[in-house]
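Visitor: please work out how this folds:
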Amino acid sequence: MKKYVVGLLLLVLLSACANKTIQLPQVAVSGISEIQNHSEIWVFYKFDDDKIKSEINKNNTITSTHWIINIDKRLPMREVIPVLQMVKAKRAKKTIHSVEGVRDYLSYSDILDKKIALFQIDTIQYMTLDQSDLETMEKEKPCDYILKFTEDAIVLNQK
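Guide: So this is what the prediction gives:
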């Protein structure tokens, strides 16, 4: 009887674990290759009800560590931007465990060195705007770069 209970328990535990994969963006640029004291946020690609959605595993973030955000490259920007805004808001919320000097990073596949690399994203502001809001923002809050995502292209506008 004890064997059956142990077997049933193992079956339940193994069936509860889902194997998920993530496809990181591939870039031919060397980046930060190693960082100590970090926790990871995983943003998975999910196709549900004929829609592409992001599925976030953020439960293992530790406030006092650097955060590495792993985002599936198949996700559209309309799914990615809210995740990045949520991470930024969560980082800004101060707790008794918060420490100064921790950073947020995006991970990507460095195809030159054939390893995972990191890109620091602390100073980037993420916004979703329509055309009139964009024109207003350009006048009121000048910035060096604006990256525009459309259905057909990605445009970098350097001023």
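
Visitor: report the mean per-residue pLDDT for whichever helix or strand residue 156 is part of.
Guide: Element membership for residue 156, per DSSP states H and E: strand 154-158. Here strand 154-158 scores 67 as its mean pLDDT.

Visitor: ditto for stretch 59-79
Guide: 89.

Visitor: low-confidence ranges, this structure, go.
Guide: Residue ranges of the chain with pLDDT under 70: 1-18, 149-154, 157-159.

Visitor: as a check, name the ranges of all strands in this structure.
Guide: 26-27, 38-48, 51-57, 66-71, 104-110, 115-120, 145-149, 154-158 (DSSP state E).

Visitor: residue 130: which of those strands is closest?
Guide: strand 145-149 (11.6 Å; C-beta to C-beta). All C-beta atoms are positioned from the backbone trio N, CA, C, and that covers glycine.

Visitor: contact partners for the most centrally placed residue in the chain?
Guide: In the chain, the centroid-proximal residue (C-alpha atoms, centre = their mean) is residue 69; its distance is 3.8 Å. By C-beta atoms under 8 Å, 6 or more residues apart in numbering, residue 69 lies in contact with 40, 41, 43, 83, 84, 87, 104, 105, 106, 107, 121.

Visitor: and those residues, which is closest to residue 115?
Guide: residue 107 (10.6 Å).

Visitor: can you pull up the bridge partners for the closest residue to that closest one other than its chain neighbours?
Guide: Closest residue in space to residue 107, ignoring its immediate chain neighbours: residue 70 at 4.9 Å, by C-beta to C-beta, 6 or more residues apart in numbering. With DSSP bridges as the criterion, residue 70 is bridged to residue 42.

Visitor: gap between the closest residue in space to residue 24 that isn't next to it in sequence and residue 44?
Guide: With sequence-adjacent residues excluded and distances taken as C-beta to C-beta, 6+ apart, residue 24 is closest to residue 109, at 4.6 Å. Per C-beta to C-beta, to the nearest Å, residue 109 is found 16 Å from residue 44.

Visitor: repeat that for residue 132.
Guide: 34 Å.

Visitor: the two: which has the busier surroundings?
Guide: residue 44 (19 against 8; other C-beta atoms under 10 Å).

Visitor: how many residues are close by the residue lying closest to the more buried one once chain neighbours are set aside?
Guide: The shortest distance from residue 44 to any residue other than its chain neighbours is 4.4 Å, reached at residue 55 (C-beta to C-beta, 6+ apart). Neighbour count for residue 55, taken as other C-beta under 10 Å: 14.
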